[in-house]
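Visitor: Have a look; sequence and predicted model below, questions after that.
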Amino acid sequence: MRRIAFSMLLTFVIGWAVVAWGHEADVLLVIQKYEKAFNNDDLNGMSALISDDAMVDSKIAKRKVSKPEWAKIAADSIKAHSILGAEFKDLKVTMTDPTHAVVAGTVNVRLMNARPSWLHEWKLEQRSGQWLIVETNYKN
């Protein structure tokens, strides 16, 4: 009986790992698409990757904001040409389960007179077959 229970547990764990690992590339692609949209001042492209109920950490607002608040801040920033671009580096995907992932990395921003760099974390969730950013956090 113990042998059957152990075998079933092992099968479940291996099956979950295969499913979770298979999604890492899809999760990373979302962040890469976000970076591309960000660098092209593509607010619609960025918005499509963020869930409607997301909480986005904003350096400008100095707090977490809702998607509508984030969209207003992003639109104002694009209009003012205050951010020249960004590079997302050293991205590492961690699957917490088959439908949840965390991506950690460094965001290097290009401003007119500065090049700030922050550790950043994106939390993603798979909803209706699509990976969406549901939360972001600056780590420094």
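Guide: Looks like it arrived, so ask away.
Visitor: Pull the residues that contact the longest strand along the chain.
Guide: For the chain, the strand that runs over the most residues, judged by DSSP state E, is strand 85-97. Applying CB atoms under 8 Å, 6 or more residues apart in numbering, the set of residues contacting strand 85-97 from outside is 16, 20-21, 23-24, 27-28, 31-32, 34-35, 38-39, 101-110, 120. The way it works is simple: take the backbone N, C-alpha and C, and place the C-beta from them, glycine included.
Visitor: Find the nearest non-adjacent residue to the residue nearest the centre of the chain, please.
Guide: Nearest to the mean C-alpha position of the chain, by CA atoms, centre = their mean, lies residue 122 at 3.3 Å. Nearest residue to residue 122, sequence neighbours excluded (CB to CB, 6 or more residues apart in numbering): residue 103, at 4.5 Å.
Visitor: Tell me where this protein has strands.
Guide: Secondary structure of the chain by DSSP E: the strands cover 50-58, 63-66, 85-97, 100-110, 117-127, 130-138.
Visitor: circling back to that earlier point, give the contact list for the residue nearest to the centre of the chain.
Guide: 31, 34, 102, 103, 133, 135, 136.
Visitor: Now for the first one, how many residues are close by?
Guide: In terms of burial, residue 31 registers 21 neighbours under the definition other CB atoms under 10 Å.
Visitor: How about the contacts made by it?
Guide: By CB under 8 Å, 6+ apart, the residues touching residue 31 are 88, 91, 103, 105, 122.
Visitor: Give the PyMOL command for selecting the buried subset of these.
Guide: Applying 16 or more other CB atoms under 10 Å to the contacts of residue 31, the buried members can be selected in PyMOL as follows:
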select buried, resi 88+91+103+105+122
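Visitor: thinking again about what came up before, what pLDDT is listed against the residue nearest to residue 122?
Guide: At residue 103, the model reports a pLDDT of 98.
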